[in-house]
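*Asks:* Mind looking at a prediction? Sequence and model below.
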Amino acid sequence: MATLIDGRKLARKVNQNTRKQVNLLKQHDIIPELAVIMVGENPANLLYVHMKDRMAKRLGIKSIVNHLSDSITQVQLIQIIHKYNRDPKINGILVQSPLPKHINEQLIDYQIDPKKDVDGFNPVNMGRLFLNEPGFYPVACTPLGIIRLLKEYRVRLKGQNVVIIGASQIVGRPLLGLMINANASVTVLNVFTKNLARYTKSADIIISATGQVNLLNGSDVKPGCTIIDVGENHDANGKLVGDVNFANAEKVAGKITPVPGGVGPMTIAMLMQQTVKLCKWHHNLLK
Ligand SMILES: Nc1nc(=O)c2c([nH]1)NC[C@@H]1CN(c3ccc(C(=O)N[C@@H](CCC(=O)O)C(=O)O)cc3)C=[N+]21
């Protein structure tokens, strides 16, 4: 049986540390502030945005949720982002994805000030990540959470065969950057890959972020490997499940994340941590 990689437990630890940092900033009369923009009524996004807002408030971070109608134009959305860019009190700006089809998401990512880009989606920050620039700049929260989980559970990256399934802007691509920077040997696959198991069977670490239920089974992976499941899917019974068939994969893997309780809580914990880090950076308090 595999060791369970407990994202809830580590998220609690990270959040406690973030709360401490927030309290220290309060002594300087500084309150970190996060602006979350959400467009439309996607029920999953409503839930995620609510969870982010609630956690921010719990940790003493000021959180503004700007819930906009589906009918908002691209120009109006850009004006709202620019307003937050100019507001010196706001440290982090997050535009919840996906956006409605009439809005060009990539263009929106260009609008967020790279200094306030708490998701790390701005091409300037993505570029810094891929060039492994030194110093602080924001990086996408889910990949950061994955690297933090692997570190906590003593999974080495250097020289390891890492397979990433999914090349999204939010998970696969920034995770590729982090993995390259950690000197891992990385293969990026997707749902169109012919014979996925051919690659996954030789992987030391598999990260799946496709949104496809039962994409991987225990028979597809190497005994003792580490599996990180980023999927947030609903099965035929409406139950929240990942991409991996947990019941049979946990019999083969050495370490595995559950869904829920794995990567999800870490995404939110890293978002909080990064908001506070941006705030310190803006006040020249980052060591
Ligand atoms: N600009 C942007 N940044 C994001 O970081 C972003 C986004 N857009 N769009 C949507 C995705 C999704 N996402 C999740 C965060 C937490 C959980 C999470 O905490 N999940 C819980 C379960 C929640 C439930 O009960 O459904 C868990 O896995 O244990 C899941 C998904 C952030 N996203």
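*Replies:* Alright, I've got the coordinates.
*Asks:* ok, which stretches of the stretch 51-200 of the chain are helices?
*Replies:* Taking DSSP state H, counting those that start in this stretch, the helices of the stretch 51-200 of the chain run over residues 74-86, 105-111, 123-130, 141-152, 172-181, 196-200.
*Asks:* Any chance of JSON lines for those, columns mean neighbour count, distance to Gly254 and mean pLDDT?
*Replies:* In this view, the C-beta of every residue, glycine as well, is placed from N, C-alpha and C. Shown next, in JSON lines, are these (neighbours: other Cβ atoms under 10 Å; distance: least, Cβ to Cβ, whole Å; pLDDT from 0 to 100):
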{"stretch": "helix 74-86", "mean neighbour count": "15", "distance to Gly254": "43", "mean pLDDT": "98"}
{"stretch": "helix 105-111", "mean neighbour count": "15", "distance to Gly254": "37", "mean pLDDT": "95"}
{"stretch": "helix 123-130", "mean neighbour count": "18", "distance to Gly254": "28", "mean pLDDT": "98"}
{"stretch": "helix 141-152", "mean neighbour count": "23", "distance to Gly254": "12", "mean pLDDT": "98"}
{"stretch": "helix 172-181", "mean neighbour count": "21", "distance to Gly254": "18", "mean pLDDT": "98"}
{"stretch": "helix 196-200", "mean neighbour count": "17", "distance to Gly254": "14", "mean pLDDT": "98"}
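*Asks:* OK, now which residue of the stretch 151-287 of the chain is nearest to the ligand?
*Replies:* With Cβ to the nearest ligand atom as the measure, Gly264 is the residue of the stretch 151-287 of the chain nearest to the ligand, at 2.3 Å.
*Asks:* err, the stretch 51-200 of the chain, not the other one
*Replies:* Ser97 (4.1 Å).
*Asks:* check contacts around that residue.
*Replies:* Listed by Cβ atoms under 8 Å, 6 or more residues apart in numbering, the contact set of Ser97 reads 105, 170.
*Asks:* hmm, back to that, how many residues are close by the residue of the stretch 151-287 of the chain closest to the ligand?
*Replies:* As a burial measure, Gly264 scores 24 neighbours (other Cβ atoms under 10 Å).
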